[in-house]
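Asks: 3D model of this:
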Amino acid sequence: MVLLYIIFAVYIFAVNFYSVMLIKSQRDEWDGNDKKAAGDGKIILAAILGGALAIYVSMFIMRYRLKNLLFMILMPVIAVINIYFFYVAFRSGFSMLVV
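Replies: This next block holds a predicted model:
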């Protein structure tokens, strides 16, 4: 059971690290003149997989796409859902994941 907790904690760390690096790479590629939303799907998928809080915080730290209303509303909502899921998973001992 302890191994399952460790694997899940590593997963959370890996997804959040990937999310921060994704925002950093998107910001470095964005030149400011292009209004085209490149990589929105990747950012939203990373948020749904568990990195919404890291994306939201790194958007403020790196000052990237702060005027995008979709991200400013969607990321906190997904972050709350992620935190609730992680809480329920840890609290139940992952018994909810076993079918």
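
Asks: what sits against residue 18?
Replies: 46, 51 (CB atoms under 8 Å, 6 or more residues apart in numbering). Just so you know, the C-beta spots here come from the backbone N, C-alpha and C atoms, and that holds for glycine as well.

Asks: show me where the protein has its strands.
Replies: When assigned using DSSP state E, the chain turns out to have no strands.

Asks: report the separation between residue 13 and residue 65.
Replies: 24 Å (CB to CB, to the nearest Å).

Asks: cool, residue 2 as well?
Replies: Distance from residue 2 to residue 65, by CB to CB: 39 Å.

Asks: give me the more crowded residue out of the two.
Replies: residue 65 (18 against 6; other CB atoms under 10 Å).

Asks: now do the more buried one, the pLDDT please.
Replies: With respect to pLDDT, residue 65 scores 82.

Asks: list the contacts of it.
Replies: So residue 65 contacts 59, 71 (CB under 8 Å, 6+ apart).

Asks: next, count neighbours for residue 12.
Replies: Neighbours of residue 12 (other CB under 10 Å): 18.

Asks: same thing with the one 4 residues further on?
Replies: Summarising burial for residue 16: neighbours were counted as other CB under 10 Å, giving 21.

Asks: and it, how close does it get to residue 52?
Replies: 9 Å.

Asks: ditto for residue 71
Replies: Residue 71 is 10 Å from residue 52, by CB to CB.

Asks: more crowded one of the two?
Replies: residue 52 (26 against 20).

Asks: that one against residue 78, yeah?
Replies: Yes - checked against CB atoms under 8 Å, the pair residue 52 and residue 78 is within contact range at 4.0 Å.
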